[in-house]
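Peer 1: whatever this is, show me its structure:
(4 chains)
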Number of protein chains: 2
Amino acid sequence: MQISSRFSVAVHVLSLLALPEQEGVPLTSERMAGSVNTNPVVIRRILGQLKKAGLVEVRPASGGTFLTRQPANITLLEVYRAVEVVEEGQLFSVHDKPNPACLVGRHIQSALDDTLQRAQTALEQVLAHTTLQQVTTDIAAKALIS
Amino acid sequence: MQISSRFSVAVHVLSLLALPEQEGVPLTSERMAGSVNTNPVVIRRILGQLKKAGLVEVRPASGGTFLTRQPANITLLEVYRAVEVVEEGQLFSVHDKPNPACLVGRHIQSALDDTLQRAQTALEQVLAHTTLQQVTTDIAAKALIS
DNA sequence: AGCAGTGTAACTACAGTTGTTACAACCCGG
DNA sequence: CCGGGTTGTAACAACTGTAGTTACACTGCT
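Peer 2: Model prediction:
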């Protein structure tokens, strides 16, 4: 099972917001959907989650959408958490209700838990150390080359 | 989206195989299912994947099931790969077909790819450094305490 | 040959994702 | 103060992957 593409879409949208806007062309959910190549409602749903997490401010009607912080101060981990791809600490699912009458069944959960938690944390630390700015800088750099 | 519980079930099953067997009570898929608390077919499906990965040997009929290696030489990463919870390098899914007419759309995939790959590798490295033996030792230790 | 167990196909039920339509709520400009 | 473009959300469909179950052919020991 893969981690939902909501995460990559969210980073895409935030990159659009971080990069300089074209003059006179407001960045609506419709236009963002055009860049991501999906439906505007999908974008609005994700913007709603980013807003709830305090990463963006969305003004209803024709008010526009803005980052609330500098791209350098937004980590991918925050984005990852914002779109709720996984419940905190629940990346791995462990079969619940193993047989307590069995030695292994009785202790497998706690025996696995520590390792799985560390694996998950290792992944999240990489995201925590990558900022939105790094992503947009990378995009800009690639744009210059090609 | 969570990683399938096939992984934790597989570790459970391998732990059963690694720990000393009760005399005269063969470890059938039926008994394993009893410990995991699921259906024997679910166990046989997972055993099939572990067999394909070369981690266990299953003798049809009443032949029994055995580890092909010492528990100290089986890493959780191998188990993780064996049950195919995720395609290699595909833990994160990235929206395909972003709009190439857009600066961000054109480069978001490659800009994200490096980071996501590193995050995934960080997770896998934790699994790579944990052996089946560590799990069974932990189970045995907990059994002594309680 | 009988039988206990494995291997596997087929089916159901369920949950989460993604895309879509529809529509109320909002607010700015004229 | 009203019209029009936009956001916020509910509702639904299609699809995918998981997990449980039944059924049955196959295997190999005794």
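Peer 1: so what's the residue count around the closest residue to A:Val25 other than its chain neighbours?
Peer 2: Distance criterion C-beta to C-beta, 6 or more residues apart in numbering or on different chains; nearest residue to A:Val25, sequence neighbours excluded, is A:Arg31 at 7.2 Å. The way it works is simple: take the backbone N, C-alpha and C, and place the C-beta from them, glycine included. Neighbours of A:Arg31 under the rule other C-beta atoms under 10 Å in any protein chain shown: 17.
Peer 1: I figured A:Arg31 was touching A:Leu17, is that so?
Peer 2: No - with contact defined as C-beta atoms under 8 Å, A:Arg31 does not count as touching A:Leu17 (11.4 Å).
Peer 1: quick check: phi and psi at A:Leu67.
Peer 2: Dihedral pair for A:Leu67: phi -70, psi 140, per degrees, to the nearest 10.
Peer 1: can you pull the contacts of it?
Peer 2: Contacts of A:Leu67 were listed using C-beta atoms under 8 Å, 6 or more residues apart in numbering or on different chains, and they are A:Leu14, A:Leu17, A:Ala18, A:Leu55, A:Val56, A:Glu57, A:Ile74.
Peer 1: pLDDT at it, what is it?
Peer 2: pLDDT, A:Leu67: 96.
Peer 1: what's the answer for A:Gly24, then?
Peer 2: On pLDDT, A:Gly24 comes in at 68.
Peer 1: show me where chain A has helices.
Peer 2: With helices called from DSSP state H, chain A shows them at A:6-18, A:29-36, A:40-52, A:76-82, A:103-128, A:132-145.
Peer 1: would JSON lines of these with mean pLDDT be doable?
Peer 2: JSON lines is the format used below for the helices of chain A (pLDDT from 0 to 100):
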{"stretch": "helix A:6-18", "mean pLDDT": "97"}
{"stretch": "helix A:29-36", "mean pLDDT": "96"}
{"stretch": "helix A:40-52", "mean pLDDT": "97"}
{"stretch": "helix A:76-82", "mean pLDDT": "97"}
{"stretch": "helix A:103-128", "mean pLDDT": "97"}
{"stretch": "helix A:132-145", "mean pLDDT": "95"}
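Peer 1: out of the contacts of A:Leu67, which is most surrounded?
Peer 2: Most neighbours among the contacts of A:Leu67, by other C-beta under 10 Å: A:Leu14, with 26 neighbours.
Peer 1: so who does the nearest residue to that residue once chain neighbours are set aside touch?
Peer 2: Leaving aside its chain neighbours, A:Leu14 sits nearest to A:Leu132 (5.5 Å; criterion: C-beta to C-beta, 6+ apart). A:Leu132 makes contact with A:Val11, A:Leu14, A:Ser15, A:Ala18, A:Pro71, A:Ala72, A:Ile74, A:Thr75, A:Leu76, A:Val79, according to C-beta under 8 Å, 6+ apart.
Peer 1: ok, A:Leu132 to B:Val126 distance?
Peer 2: Taking C-beta to C-beta, to the nearest Å as the measure, A:Leu132 and B:Val126 are separated by 26 Å.
Peer 1: now A:Val104
Peer 2: Taking C-beta to C-beta as the measure, A:Val104 falls 22 Å from B:Val126.
Peer 1: OK, contacts around the residue with the largest distance to the centre of chain A?
Peer 2: Within chain A, the residue lying farthest from the chain centre (C-alpha atoms, centre = their mean) is A:Ala101, at 41.2 Å. Contact partners of A:Ala101, counting by C-beta under 8 Å, 6+ apart, are absent.
Peer 1: what score does it have for pLDDT?
Peer 2: At A:Ala101, the predicted lDDT confidence score is 95.
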